Every structure is written in C-alpha cells, then in structure tokens.
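1. Sequence first, then the predicted structure:
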Amino acid sequence: MWALGLAMGISCIALSLRYRMPVLTAWSTPGAALLAATQGVSLGEATGAFMVCALLIIAAGSSGWFERVMDKLPLAVAAALLAGVLTRFGLDAVLSVRSAPLLVLVMVAAYLAGRRWWPRYAVPPR
C-alpha cells in the first residue's frame, strides 16, 4: 500500500508539472479496499488483478463508455457505493481507540488542525 501511494503521488506530480494541468494517474480506493478485505491473496495475484483493472479502466475511459454509464447513474447511488466501501475503514478507526488511543487522538487533532488552518488540504467531508 505504501508503494502504491508513493507511486501514485510521484506520477501525479510529474505528469501535472509536465502538462501544466491536474493529472490523476490512479484511483485505488476500491482496489485498496479489496486488498485489505481479502486474505490469502498472493502478491502475483494482486498485481495481476491491478493490471487487469488498469486495462479495463483505460478501455472504459478512452472509449467514452464510462462517461455514458456515469451520466445515467444518480449521484446519490455513486456516493452510497463509495460510502459502503469506506464504512468498514471508518468504523475500524473508531474501534482502534481502545488499542491505540494516542494514535487516534493525534490523527483527529491533525485533521482538525488541518481543517482550521489549511482547509484546502483537509479533504474528508465538508
């Protein structure tokens, strides 16, 4: 997960600087949720799944098929799908107060400080 985040960050920054516009090279929330939720998946299988997913994303994006489907999907349904994927992670963060209260308190304090002094960079819900 660390390598995926680092690679996404570096490639997004490099391409954005090169083309002088925001460029997003990967959206890995569903993939990360899948990897975190499954057990017993080998590195080769996970890498293959990400590569197949990347090819499907490229095909859907370049053909215009994804845009046509998304135009028909209500925004509330798309938001609910993402919320369903992320709910477990949010609940696990709350439950980890018992095992690592200091870590959770520092994370909450960092988020609140970011919302107060750097609201542009505090991305979670408005």
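-> Done, it's in. Numbers count the residues shown, from 1 in each chain.
2. For the rest of this, base every contact and every neighbour count on C-alpha atoms.
-> Fine.
3. what's the closest non-adjacent residue to residue 66?
-> Of all residues not flanking residue 66 in the chain, residue 60 sits nearest, at 5.1 Å (Cα to Cα, 6 or more residues apart in numbering).
4. For residue 15, give its distance to residue 24.
-> From residue 15 across to residue 24, the span is 8 Å (Cα to Cα, to the nearest Å).
5. swap in residue 68?
-> Going from residue 68 to residue 24 by Cα to Cα gives 20 Å.
6. The residue nearest to residue 66 sits in which helix or strand?
-> Using DSSP states H and E, residue 60 sits in helix 43-63.
7. For that helix, list the C-alpha coordinates in PDB.
-> Extracted C-alpha coordinates of helix 43-63, given in PDB (Å, rounded to 0.1, in the frame of the first residue of the first chain):
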ATOM      1  CA  LEU A  43       1.400 -10.700  -4.500                       C
ATOM      2  CA  GLY A  44       1.300 -12.100  -8.000                       C
ATOM      3  CA  GLU A  45      -2.500 -12.500  -8.000                       C
ATOM      4  CA  ALA A  46      -2.900  -9.000  -6.500                       C
ATOM      5  CA  THR A  47      -0.500  -7.500  -9.100                       C
ATOM      6  CA  GLY A  48      -2.400  -9.300 -11.900                       C
ATOM      7  CA  ALA A  49      -5.700  -8.000 -10.600                       C
ATOM      8  CA  PHE A  50      -4.400  -4.400 -10.600                       C
ATOM      9  CA  MET A  51      -3.100  -4.800 -14.100                       C
ATOM     10  CA  VAL A  52      -6.300  -6.200 -15.500                       C
ATOM     11  CA  CYS A  53      -8.200  -3.400 -13.600                       C
ATOM     12  CA  ALA A  54      -5.900  -0.800 -15.100                       C
ATOM     13  CA  LEU A  55      -6.500  -2.100 -18.600                       C
ATOM     14  CA  LEU A  56     -10.300  -2.100 -18.100                       C
ATOM     15  CA  ILE A  57     -10.100   1.500 -16.700                       C
ATOM     16  CA  ILE A  58      -8.100   2.600 -19.800                       C
ATOM     17  CA  ALA A  59     -10.600   0.900 -22.100                       C
ATOM     18  CA  ALA A  60     -13.600   2.400 -20.400                       C
ATOM     19  CA  GLY A  61     -12.100   5.900 -20.200                       C
ATOM     20  CA  SER A  62     -10.800   6.100 -23.800                       C
ATOM     21  CA  SER A  63     -14.000   4.600 -25.300                       C
END
